[in-house]
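**Student:** no FASTA, just this:
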């Protein structure tokens, strides 16, 4: 019985956040076929036995009038079960036209104010007729590769300086000052996690703190980044895919939240929020324009000191 799952998110972090629900579906139906809008997801999940294949959707989804094109694509996949983690009439109708017998989907037309975690958890429990669906899982890696990445015996910290947009960033200068202060406590090794388009910021930090115990991951591929996270001890940084990756790998994650909804940091025992003083987490959402400098380096140090 061929089973498919559709995740509607382009970002790697949001897809990793849904990994536990995919694993629950695979427990019932065997390895599943994951249809995604995220071009990097295949590489991130290539060692995961829960997935038969990861299918990048590409250009089939962009307009309502692509329904016939989309239905033809879905029909070619020959799914008998299809779990759609998205309240879209377009995807539902395309699946119906494709003749998929069993379609499970978020309630239609209820995208507004959708709680990322609660919606996925409740949908999975309802569809599979189970209780207490876990929100955490594990990421599968090739452990034989890890020795290559272990350069020294120092405690290693992933510093997530990158993110999808400027309003979620704490700022390169703040991270530079944080690393300098941490170095004054004891020796650590720092990996700066960001995209290739943010390499200049990483190089700026390295120039300020020194390259002996700090390096950029901006030019590494997803497989390499996963291995660097695997050998590290904790994550400090912006809300980005690195945070979701690290907490699913059972690493303590200290997330600096400036405009991310509560749901993004509400599903793992490994998540520790750092928010501006005098702010409530329920007040922070997409569109919040909070001053990153209201979160001081000392505030961050105070949060993480028992882990270092």
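**Tutor:** Yep, it's here. A quick note: this is a predicted structure, and the numbers were derived from the prediction, not measured.
**Student:** where does the chain have low pLDDT?
**Tutor:** Scanning the chain for pLDDT under 70 picks out 59-65, 109-113.
**Student:** got a list of what residue 36 touches?
**Tutor:** Residue 36 makes contacts with 6, 7, 9, 15, 54, 55, 56, 57, as judged by Cβ atoms under 8 Å, 6 or more residues apart in numbering. In this view, the C-beta of every residue, glycine as well, is placed from N, C-alpha and C.
**Student:** and the first one, what does it touch?
**Tutor:** Listed by Cβ under 8 Å, 6+ apart, the contact partners of residue 6 are 34, 35, 36, 82, 83, 84, 85, 86, 91.
**Student:** Next, the contact list for the last one, please.
**Tutor:** Spelled out, it's residue 91. Taking Cβ under 8 Å, 6+ apart as the test, what residue 91 contacts is 6, 8, 61, 70, 84, 105.
**Student:** could you redo the last one with a cut-off of 10 Å?
**Tutor:** Residue 91 makes contact with 6, 8, 35, 61, 67, 70-71, 74, 82, 84-85, 103, 105-106, 108, according to Cβ atoms under 10 Å, 6 or more residues apart in numbering.
**Student:** ok, of those, which one's closest to residue 117?
**Tutor:** Distance to residue 117, by Cβ to Cβ, is smallest for residue 85 among the contacts of residue 91, at 11.7 Å.
**Student:** what about the residue nearest to the closest one when sequence neighbours are not counted, neighbour count?
**Tutor:** Spatial nearest neighbour of residue 85, chain neighbours left out: residue 7 (5.3 Å); criterion: Cβ to Cβ, 6 or more residues apart in numbering. Other residues near residue 7 come to 24 when the count uses other Cβ atoms under 10 Å.
**Student:** how is the protein carved up into domains?
**Tutor:** Domains of the chain are assigned by automatic domain parsing as 3-128, 144-307.
**Student:** Adding distance to residue 134, write these out as CSV.
**Tutor:** Shown next, in CSV, are those (distance: least, Cβ to Cβ, whole Å):
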stretch, distance to residue 134
domain 3-128, 5
domain 144-307, 9
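**Student:** ok so residue 69 is a strand residue?
**Tutor:** No. Under DSSP: H, G, I helix; E, B strand; the rest coil, residue 69 sits outside any strand and is assigned helix.
**Student:** can you offset everything so residue one is 22?
**Tutor:** Let's use 22 as the start, then, which means that last one is residue 90.
**Student:** okay but it is in contact with residue 115, surely?
**Tutor:** Yes. The criterion here is Cβ atoms under 10 Å, and residue 90 meets it with residue 115 at 8.6 Å.
**Student:** Show me which of the two is the more surrounded one.
**Tutor:** residue 115 (24 against 15).
**Student:** residues contacting that one?
**Tutor:** 81-82, 87-96, 105, 109, 121.
**Student:** so it is in which element?
**Tutor:** Assigned by DSSP states H and E, residue 115 falls within helix 110-118.
**Student:** Buried residues, that helix. List them.
**Tutor:** Counting neighbours by 16 or more other Cβ atoms under 10 Å, one finds that the buried residues in helix 110-118 are 111, 112, 113, 115, 116.
**Student:** Just name the closest of these to residue 275, please.
**Tutor:** The shortest approach to residue 275 among the buried residues of helix 110-118 belongs to residue 112, at 36.1 Å (Cβ to Cβ).
**Student:** For burial, what's the neighbour tally of the closest residue to residue 273 other than its chain neighbours?
**Tutor:** Nearest residue to residue 273 in three dimensions, chain neighbours excluded: residue 255, at 4.5 Å (Cβ to Cβ, 6+ apart). Applying other Cβ under 10 Å, we find 20 residues neighbouring residue 255.
**Student:** same deal with the one 5 residues further on?
**Tutor:** Using other Cβ under 10 Å, the number of residues around residue 260 comes to 25.
**Student:** Same check on residue 161?
**Tutor:** Counted with other Cβ under 10 Å, residue 161 comes out at 15.
**Student:** what residues are up against it?
**Tutor:** Residue 161 neighbours (Cβ under 10 Å, 6+ apart): 65, 66, 67, 68, 69, 70, 71, 72, 247.
**Student:** ok, now residue 202?
**Tutor:** Per Cβ under 10 Å, 6+ apart, neighbours of residue 202: 318, 319, 321, 322.
**Student:** Then residue 212?
**Tutor:** By Cβ under 10 Å, 6+ apart, the neighbours of residue 212 are 170, 177-181, 223, 235-238, 241, 246, 249-250, 252-253, 256, 263.
**Student:** can we see that at 7 Å?
**Tutor:** Contacts of residue 212 were listed using Cβ atoms under 7 Å, 6 or more residues apart in numbering, and they are 177, 179, 180, 236, 238, 249, 253.
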